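In: attaching a predicted model along with its sequence, questions to come.
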Amino acid sequence: MAEPGKAPLIRNPLVLGGAAAVIAAAAVGGYFLFKPGAPKLDAHGKPIPSLCEAALVRAVDYGVVEGDTKLASTEATASQTGNRMICKAKLGGEDYALTVDVACDDMSNDKCLKLYSVTDAAGNSLFQRQM
């Protein structure tokens, strides 16, 4: 019950204004967090790389391609072998095919993606994982 001469809490303009601000902030934050095309985040708030981004990082880490190599597309194409996917990359006029084995969907987990091979546009093998 409100004290005589004071507005009830629910009708207090400061409370109503504060509640409206919180609701608006949550709505705006939710839009940016869940909008289409927003990067997925891991448990630590870091963006999870796409399959092709992870494949390129792995090829650079192995020293197979140079660090300034870029993806030709972020979309991977399926190969004819099980869970093997192919990503296209390029550096200058040189094109590369990065083939990876995908064991799970979490590209932030190093065990989910294994670099299988890297070939140039002529089909020459620059890297081949040994079984």
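Out: Nice, I can see it. Numbers count the residues shown, from 1 in each chain.
In: neighbours of Cys112, how many?
Out: Using other C-beta atoms under 10 Å, Cys112 has 16 neighbouring residues. Every residue, glycine included, has its C-beta placed from N, CA and C.
In: give me the element the closest residue to it other than its chain neighbours is part of.
Out: With sequence-adjacent residues excluded and distances taken as C-beta to C-beta, 6 or more residues apart in numbering, Cys112 is closest to Cys104, at 4.1 Å. Here Cys104 is covered by no helix or strand, with elements defined by DSSP states H and E.
In: ranges for the helices of this structure?
Out: Ranges of helices within the chain are 13-34, 51-61, based on DSSP state H.
In: tell me how many other residues surround the residue nearest to Cys112.
Out: Cys104 - counted by other C-beta under 10 Å - has 10 other residues nearby.
In: got it, and the one 3 residues further on?
Out: Residues contacting Met107 under the criterion other C-beta under 10 Å number 20.
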